[in-house]
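*Asks:* Whatever this is, show me its structure:
(one chain, ligands or ions: 1)
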Amino acid sequence: MRFRFFLFALLGAYVLIQAALAFYLRSAGVSGTGIGAFLVLALSMPVYLNLSFMKNWARPIWLMPIFFSYYFFSAVGVLTLFLLRAGVGIHRLLNPVSGPQTLSNALQIDTVLGVWSFFVLFALRNRILGPRIMEVPIVLPGLSRDLEGFRILQVSDVHVGLFESDRTLRRLRAAIEKVPVDLLVFTGDMIDRRLDEMDRFLAFFGNLKGKLGVFAVMGNHEHWVDGPGVAAKLSGAGWPLLENTSVSIAVGERTVHVVGLTDPAAQERGESGPSPDKAFSRVSYVPGDAVIVLSHHPSLWKRLSDMPAQLTLSGHTHGGQIGFPFQRWNLSSLFYDYDVGLFRRMSDSGIQYLYVNPGTGYFGVPIRFGVRSEITLFILKGA
Ligand SMILES: [Fe+2]
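*Replies:* Below is the predicted model of the structure:
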């Protein structure tokens, strides 16, 4: 419901923005025929995309970045013109005789281009800097001494596909190798839209090793592409895939339980969906142990309050990809309760944490604006 409302609001805003642009072009002297052609072109894109969703047509994937980039930058352009004209209006009110009375077209175009350039550079910042390594201490009261300082590195939403160059993937691998860890986990959306992307993913990451192992769960993209096909490729590479199942790893006198939940997208393909009961059935938790849950979709955390799920690692939201500094607001917060970062709650089995990883890759638009790519190192600590 919230998502549908968001889509309607998005469409409404798009129409208003195009109307404002047409109005500006008219006032700048563009002919009626030119304006007509502009409007037909600008409005045909969302009409085509909406029809394609309704009729389930195949959509060329390269249309998405073009559409969303056009949307984003026309919105920036219209907002800049509005602020520029409002500024001149206020200036004229305060200084009725002196100062500029009108704005030249050249000044308006220069300002829009200047603001655009700033936004493009800011959006490319993430590409230039590469993924950051985020360190998150997790305090678990009663944790055994044996597990004090246990290190887990989470990598999520790599989306190997159209938007990930070899250079980006090499740099991601180098960042992962820089961090000494006990466990390395991949929490889904390793690939974007085709099964052969899994070969490329494994070529870059398939031979990584955590001290005690590498574990993975699939995300919605793997299920959309071909869940069983991806699972076969991962097992061929010797990676344990934890779909509604768990493994127990002995550390000293204690055990680290790694539990994986199947993503809800499996149900869209007629396969069985997430089952916390099944996933936890082999977990024999004793106080002092650590339980790490891998769940691509963060909303599954709601179904874990009765389980000894101390730390749940999710992804999926990409932190919205577009957000304002410090991510107090981001696009995904409009339709996800757990959008990005660390959440905690008390349950019968004690304190429970959820970390929603912003991931490293891209979906839809190849930009991240105010939301950095990240790999996350969790360090377990007793109280
Ligand atoms: Fe994703």
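*Asks:* separation between the residue nearest the centre of the chain and Glu253?
*Replies:* The C-alpha lying nearest the average C-alpha coordinate of the chain belongs to His318 (Cα atoms, centre = their mean; 1.1 Å). According to Cβ to Cβ, to the nearest Å, His318 stands 39 Å off from Glu253. Just so you know, the C-beta spots here come from the backbone N, C-alpha and C atoms, and that holds for glycine as well.
*Asks:* follow-up on the earlier one: isn't the residue nearest to the centre of the chain right next to Arg372, touching?
*Replies:* No - shown here, His318 and Arg372 do not form a contact pair, counting by Cβ atoms under 8 Å, at 11.0 Å.
*Asks:* isn't Arg269 right up against Asn220?
*Replies:* No - look at Arg269 against Asn220 with Cβ under 8 Å: they stay out of range, at 10.3 Å.
*Asks:* Those two: who's more crowded?
*Replies:* Set side by side, Arg269 and Asn220 give different neighbour counts by other Cβ atoms under 10 Å, the larger being at Asn220 (18 against 13).
*Asks:* what's the helix or strand for Gly77?
*Replies:* Here Gly77, judged by DSSP states H and E, is contained in helix 63-94.
*Asks:* That helix - what's its average pLDDT?
*Replies:* In this model, helix 63-94 has a mean pLDDT of 84.
*Asks:* Just checking, which helix or strand succeeds that helix along the chain?
*Replies:* Downstream of helix 63-94, the first helix or strand assigned by DSSP H and E is helix 105-129.
*Asks:* Contacts for that following helix next, please.
*Replies:* Identification of contacts with helix 105-129 by Cβ atoms under 8 Å, 6 or more residues apart in numbering yields 28, 72-73, 76-77, 80-81, 84, 168, 367-373.
*Asks:* residues of it that come out buried?
*Replies:* Across helix 105-129, burial judged by 16 or more other Cβ atoms under 10 Å covers 108, 111-112, 115, 119, 123, 126-127.
*Asks:* what does the helix or strand following it rub up against?
*Replies:* Where DSSP H and E defines the elements, the next helix or strand beyond helix 105-129 is strand 132-139. The contact list for strand 132-139, computed with Cβ under 8 Å, 6+ apart, reads 175, 178-179, 310-311, 342, 351, 353, 355, 372-383.
*Asks:* Just the ones of those in strands?
*Replies:* With strands defined by DSSP state E, the entries of the contacts of strand 132-139 inside them are 311, 342, 351, 353, 355, 374-381.
*Asks:* Would you mark the buried spots in stretch 196-214?
*Replies:* By neighbour count on 16+ other Cβ under 10 Å, the buried set for stretch 196-214 is 197-198, 200-202, 204-206, 208, 210, 212-214.
*Asks:* Quick one: end-to-end length of that stretch, please.
*Replies:* Between the opening and closing residues of stretch 196-214 lies a distance of 21 Å (Cα to Cα, to the nearest Å).
*Asks:* got any ranges where the stretch 51-200 of the chain has weak pLDDT?
*Replies:* 56, 58-62, 65, 98-101 (pLDDT under 70).
*Asks:* which parts of it sit against the ion?
*Replies:* When proximity is defined as Cβ under 5 Å from the ion, the stretch 51-200 of the chain approaches the ion at 157, 189.
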